[in-house]
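Novice: predicted model and sequence below, questions to follow.
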Amino acid sequence: MSLLSEFKDRMLSLGLARITEAAALASAVQIGRGNEKIADQAAVDAMREQLNLLDIAGEVVIGEGERDEAPMLYIGEHVGTGNGPEVDIALDPLEGTTLTAKDLPNALTVIAMGPKGSILKSPDVYMEKLAIGPSYPKDIVSLDSSPSEIIKTLARYKGCKPEDISSCVLDRPRHKELIGELRDLGVAVRLITDGDVAAIMHCSEPEVTGIDVYMGIGGAPEGVLAAAALKCLGGQIFGRLLFRNDVEKAKARKMNITNLDKIYTLDELVQADIIFSATGVTDGSLLRGIKKLPGYLETDTILLRSKTGSRRRMVYSHPIQAGK
């Protein structure tokens, strides 16, 4: 039996939802309290505890940095009981630590899982990203094209003017020229402070979210996680790893990445069927945040399977224990 056939995604999917729910509930007490590290650690601890209950032989391929930089859920860490299929895991215990600490929108807990060898094992470096929705022909845009060329191409296929295209960009000084070029074309630019996994997911339903394209430089782990979501939701994403120094290049080579200039497509970032779960921590455009109700904490989760294209929205009411 192949490793691929052993990956029972349907059986594992509900377990994945429990993992992001637990991480969201653990970090909820830190919403608005100004301490990013405590919020992140709470999510990490809860996610790791739940992962180790699953009957899998899992390896974290996208995680909380390198082993020496992260006490838990680091790249290369093995999780699960060991009694089950070998799987790759990409995760962000708290996507938006700053958002949580400041009680800003779109903080999520996120995890994706696929058969062993299915998810790109990437170092924790920067990635140049470009994402669009599922309605466009394959490979009509490229990271080698200028922002203006990308917008004009999308407008042509959409049958509209460039100023009718909307984009999302991470609000960073490094994107000053990109934002200026987009606005010179008349493009509406939605700036986000953090949380580009949710932002890229928005490209899958532009008629609902108002986002046609995502552009810019952010974390590579978030790029791979976003690719896992688009594998389920539909759309295209292109990513190119960016290295600031020789140390980061050495990390990539250690992970068997030899072409440091390669542009990865969706099917290269995620090479097989995947399951994906995200739970809202703070209210956002994708998911509702944690709600405190009389006697309960309520979570809002989206659970995705690429094999079937299914999308399950789950609301879970967690009883608050006395004294908690």
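Specialist: Nice, I can see it.
Novice: who touches the residue lying closest to residue 48 once chain neighbours are set aside in this structure?
Specialist: Among residues not flanking residue 48 along the chain, residue 72 sits closest, at 5.1 Å (CB to CB, 6 or more residues apart in numbering). For every residue, glycine as well, the C-beta is placed using N, CA and C. With contact set as CB atoms under 8 Å, 6 or more residues apart in numbering, residue 72 has these partners: 44, 45, 48, 64.
Novice: worst mean pLDDT across the helices and strands of the chain, which element?
Specialist: Taking mean pLDDT, DSSP states H and E as the measure, the helix or strand of the chain with the lowest value is helix 3-6, at a mean of 50.
Novice: please enumerate residues in contact with stretch 130-146?
Specialist: 128, 150, 153-154, 157-158, 181, 200, 203-206, 212-215, 226, 230, 233-240, 263, 265.
Novice: should've said stretch 23-41
Specialist: By CB under 8 Å, 6+ apart, stretch 23-41 touches 42-47, 50, 64, 93-94, 97-98, 100-103, 107-109, 279-282, 289-290, 297, 299, 318.
Novice: with just CA atoms, put that stretch into PDB.
Specialist: Extracted C-alpha coordinates of stretch 23-41, given in PDB (Å, rounded to 0.1, in the frame of the first residue of the first chain):
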ATOM      1  CA  ALA A  23      -5.100  26.700  19.700                       C
ATOM      2  CA  ALA A  24      -7.600  29.500  19.200                       C
ATOM      3  CA  LEU A  25      -9.300  28.900  22.600                       C
ATOM      4  CA  ALA A  26      -5.900  28.900  24.300                       C
ATOM      5  CA  SER A  27      -4.800  32.200  22.800                       C
ATOM      6  CA  ALA A  28      -8.200  33.900  23.300                       C
ATOM      7  CA  VAL A  29      -7.400  35.000  26.800                       C
ATOM      8  CA  GLN A  30      -4.500  37.100  25.400                       C
ATOM      9  CA  ILE A  31      -6.700  39.100  22.900                       C
ATOM     10  CA  GLY A  32      -6.000  42.800  23.400                       C
ATOM     11  CA  ARG A  33      -3.500  42.200  26.300                       C
ATOM     12  CA  GLY A  34      -0.500  43.400  24.400                       C
ATOM     13  CA  ASN A  35       1.800  40.400  24.800                       C
ATOM     14  CA  GLU A  36       2.500  38.700  21.500                       C
ATOM     15  CA  LYS A  37       4.900  36.100  22.900                       C
ATOM     16  CA  ILE A  38       2.500  34.800  25.500                       C
ATOM     17  CA  ALA A  39      -0.400  34.600  23.000                       C
ATOM     18  CA  ASP A  40       1.800  32.700  20.600                       C
ATOM     19  CA  GLN A  41       3.100  30.300  23.200                       C
END
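Novice: now it, how far from the chain's geometric center?
Specialist: 18 Å (CA atoms, centre = their mean, to the nearest Å).
Novice: what are the buried residues along it?
Specialist: Under the neighbour-count criterion of 16 or more other CB atoms under 10 Å, stretch 23-41 has 23-28, 30-31, 36, 38-41 buried.
Novice: give the contact list for the residue nearest to residue 99 when sequence neighbours are not counted.
Specialist: Spatially, and ignoring its direct neighbours in sequence, residue 99 is nearest to residue 107 (4.0 Å; CB to CB, 6+ apart). The contact partners of residue 107, taken as CB under 8 Å, 6+ apart, are 27, 31, 94-97, 99-100, 195, 280-282, 284, 289.
Novice: ok, longest helix in the protein?
Specialist: helix 9-28 (DSSP state H).
Novice: all set, thanks.
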